[in-house]
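1. Quick one, fold the following:
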Amino acid sequence: MKGYSGEQLRNIIMLGHGGAGKTTVVEAALAASGAVNRMGKVEDGNTVSDYEKMEKEKGYSIQTSIVPVEWNKCKINFLDTPGFFDFAGEVSGAIRAAEAAVIVVDASAGVQVGTEKAWNVCKKSGTPRLFLINKTDKENVNVDDVIAQLKSKFGTSVTTLDDEEALTEAIAETDEELMEKYFSGEAFTDEEFTKGLSGGIASGDITIVLQSSALNQEGVKEFLDALLKYVPAPTEHKAYDAEDARGEKIEVVCDAAGPVAALVFKTFETRSGKVSLMKLIRGKVAKGLELVNATTEKNEKLGSISYMRGQNFEEAGDIAAGDIFAATKLAVTKTGDTLCDKAAFVKFPAIDFPPPSLYMAVAAKAKGEDEKVGTGLARLREEDPSFVVERNIETSQTLLGGQGEIQIGIITAKLKDRFGVDVDLLDPKVPYRETIKGTADVQGKHKKQSGGAGQYGDVHIRFSPSTEEFEFGEELFGGSVPKQYVPAVEKGLRESIQKGPLSGSKVVNIKATLYDGSYHDVDSNEMAFKIAASLAFKKGMEEARPVLLEPIMHVEILVPDEYQGDIMGDMSKRRGRILGSEPQGGGSTKLIAEAPQAELFKYAINLRSMSQARGSFTMTFERYDEVPANIAQKVIEDYKASQEKE
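-> Sure, this is the predicted structure:
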């Protein structure tokens, strides 16, 4: 594949609801250009985009594929993204490499949740977009109805190329001179029309609607022509925000003449090693070029550079600004990193991935394979930073956080396929805490005599609630406990609070005051007083009215207004409470709530079901509150049962 200048390139992200036909549209474009002799089909597992083993098995995309199509002496780089919402992280990376988006709409389904999400992603990122109504050949399809839906949902910017009056008015609004000409009744020249339409699309003021039946290759050539004619080239993209070596804000213009600056928007593993996909924003690159990773501040050498088409690599010569390319076996480079000229440091903002909404505990099925699980997850996370891995020390669980069950399922399937390790997915344990509501005055005495040197430690300790996590004090008099043993008493208590009597959870907000005791000149030692302190703690917890605490989360839920009542009702069933609501415009509301973490582990699944996948939420830790007695009793009983088994 030959090299192209920035003016000859178009980088297009394909968005839309799952099953709308994004991959089929790209396949039809390849066929129209002559790049393939015969169109593949998603259901047959033989498309250029969906080449991964799991994509073929499941019949849907799970990662972004780069598919360049050469058309009329230009090249269109299609970034074919998954339609399932669990893979939103793929969209977050790919949209940073695109100058425009095509939102594919299934003509038989009309506006779907994925259509709305795609629009919102473009709006948030400022990405120009156009609609492609696909599958127009289906029975009982009314394209005019779908266009009416798009206009109703997304506003007056939506128009078709054959709606001359609406299109002319929209173009007039993009330029003062054109507005004057419009009001004077003069017709636009072809050049003015094209320039005005392109400018309107680039600014987001105009969203044109095209049509196709990709499976029958109808409307595909017209679609490709429209992309070249109306969609902005990389060199027409607004300046990119970045930072220089001092951390000061700068702007970078897409220009082949400048020093090299590239953004790595995706990495993945092949049998030959790691592949880094990059958008070259400035300069030119060639094989062997030495650059610096602005994120890690370490040097990287481009040992091999290629164009990708699906899973196939084609070696590249010089690559100019605006193009997308692949580099293999980079040592210190990950998704979101910037590579640049050593003499012209520049760093682009990191990719903003959505926070995880669903957490599951992951554990190796076979003993002794925990390290393999950890290594595998770390490697997979280099490819897909949209999921997180956290180790909860209190519950001794490894937590896997992602966008939903499908994504987490794919991750665990990859663990088995690539790293040969089977795992179980479990519900996360709640990191309960314990505290006391009363006071206790107890003695802890450890005495052991078995011939020879014995052990003797005796302490009197008062326990009471505290505002601090743990508070230790001593009020000794008369040398009842020698000073050298006091640190051992404190150490024994600090170790004891790590495991409370109710649920084996950490004890917090407790004060221990050592005020008396006794010792033996020969048999007393630090260990004896440490054990005595632990005995006192156990007795003191029993007498000081211990209670169980649970984490309370601050939850912010964004939902369309029509689901607000259902969401509020469901939150009360989760022992939660609504603190307030904030209208967000566009028919949606942000609900602010608090609820116990124990009731929220599967909330992502439930919210998706309740809101037809239109709702989203974020969750952060707020505080610990006492667990209601009936629920606490069940937790305590379960803990005791587990201890008896051990």
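2. pLDDT below threshold where in this protein?
-> Per-residue confidence for the chain (pLDDT under 70) gives these ranges: 451-452, 646.
3. What ranges does the stretch 351-500 of the chain have for its helices?
-> Using DSSP state H, counting those that start in this stretch, the helices found in the stretch 351-500 of the chain span residues 370-383, 405-419, 486-496.
4. Ok, which of the ones you listed comes nearest residue 314?
-> helix 370-383 (21.9 Å; Cβ to Cβ). Glycine gets a C-beta too; all of them are placed from N, C-alpha and C.
5. So what touches the closest one?
-> 266-269, 274, 334-335, 362-364, 387-389, 398, 400, 411, 414-415, 418-421, 423 (Cβ atoms under 8 Å, 6 or more residues apart in numbering).
6. quick one, domains of the protein?
-> 6-236, 240-340, 359-426, 434-544, 549-630 (automatic domain parsing).
7. End to end on the fourth one, go ahead and measure it.
-> If I follow you right, that is domain 434-544. One end of domain 434-544 to the other measures 12 Å (Cα to Cα, to the nearest Å).
8. sorry, back to before: dump the domains of the chain into a markdown table; add distance to residue 347 as well.
-> Converted to a markdown table, the domains of the chain look like this (distance: least, Cβ to Cβ, whole Å):
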| stretch | distance to residue 347 |
| --- | --- |
| domain 6-236 | 14 |
| domain 240-340 | 4 |
| domain 359-426 | 17 |
| domain 434-544 | 39 |
| domain 549-630 | 27 |
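9. how about these in a markdown table, adding mean neighbour count?
-> Shown next, in a markdown table, are these (neighbours: other Cβ atoms under 10 Å):
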| stretch | mean neighbour count |
| --- | --- |
| domain 6-236 | 19 |
| domain 240-340 | 18 |
| domain 359-426 | 17 |
| domain 434-544 | 18 |
| domain 549-630 | 16 |
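10. Let me know which of these is the nearest to residue 350.
-> Closest approach to residue 350 among those (Cβ to Cβ): domain 240-340, 4.5 Å.
11. How far away from the center of its chain is that closest one?
-> On the basis of Cα atoms, centre = their mean, to the nearest Å, domain 240-340 sits 23 Å off its chain's mean C-alpha point.
12. Over to stretch 330-345?
-> From the chain centre to the centre of stretch 330-345 is a distance of 22 Å (Cα atoms, centre = their mean).
13. Then stretch 391-404?
-> The chain centroid and the centroid of stretch 391-404 are separated by 15 Å, computed with Cα atoms, centre = their mean.
14. contact partners of that stretch?
-> For stretch 391-404, the surrounding residues in contact (Cβ under 8 Å, 6+ apart) are 85-89, 354, 356-363, 370, 373-374, 377, 386-390, 408, 411-412, 425-426, 428-431, 505-506, 604-605, 608.
15. now swap in stretch 498-512 and tell me
-> Outside stretch 498-512, the residues within contact range by Cβ under 8 Å, 6+ apart are 394, 431-436, 461-473, 493, 496-497, 537-538, 540-542, 546-549, 624, 632, 635-636, 639, 643.
16. If we use 6 Å, what do you get?
-> Outside stretch 498-512, the residues that touch it by Cβ atoms under 6 Å, 6 or more residues apart in numbering are 432-436, 461, 463-464, 466, 469, 471-472, 493, 497, 541, 546, 548, 635-636, 639.
17. Kindly report the same for stretch 412-421.
-> 369, 372, 373, 376, 380, 422, 423.
18. picking up where we left off before, adding distance to residue 10, write the helices of the stretch 351-500 of the chain out as TSV.
-> Listed next are the helices of the stretch 351-500 of the chain as TSV, based on distance: least, Cβ to Cβ, whole Å:
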stretch	distance to residue 10
helix 370-383	26
helix 405-419	30
helix 486-496	64
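19. Nearest to residue 173, out of those helices?
-> Comparing the helices of the stretch 351-500 of the chain against residue 173 with Cβ to Cβ, the closest turns out to be helix 405-419 (41.4 Å).
20. Please compute how far that closest one lies from its chain's middle.
-> Worked out by Cα atoms, centre = their mean, helix 405-419 lies 16 Å from the chain centre.
21. Quick check: residue 220 touching residue 28?
-> Yes. Assessed by Cβ atoms under 6 Å, residue 220 is found in contact with residue 28 at 4.5 Å.
22. Tell me the helix or strand right after the longest strand along the chain.
-> Longest strand in the chain, counting residues (DSSP state E): strand 546-560. Remark: after strand 546-560, the chain's next helix or strand is helix 564-573, criterion DSSP states H and E.
23. Would you mind getting the angle between that next one and strand 546-560?
-> 170 degrees (axes from the mean of the first three to the mean of the last three Cα atoms, to 10 degrees).
24. Which residues does helix 564-573 contact?
-> For helix 564-573, contacts defined as Cβ under 6 Å, 6+ apart pick out 557, 559, 578, 589, 593, 610.
25. just to revisit the earlier point, restricted to strands, list the contacts of helix 370-383.
-> Among the contacts of helix 370-383, the members falling in strands (DSSP E) are 266-269, 274, 362-364, 388-389, 398, 400, 423.
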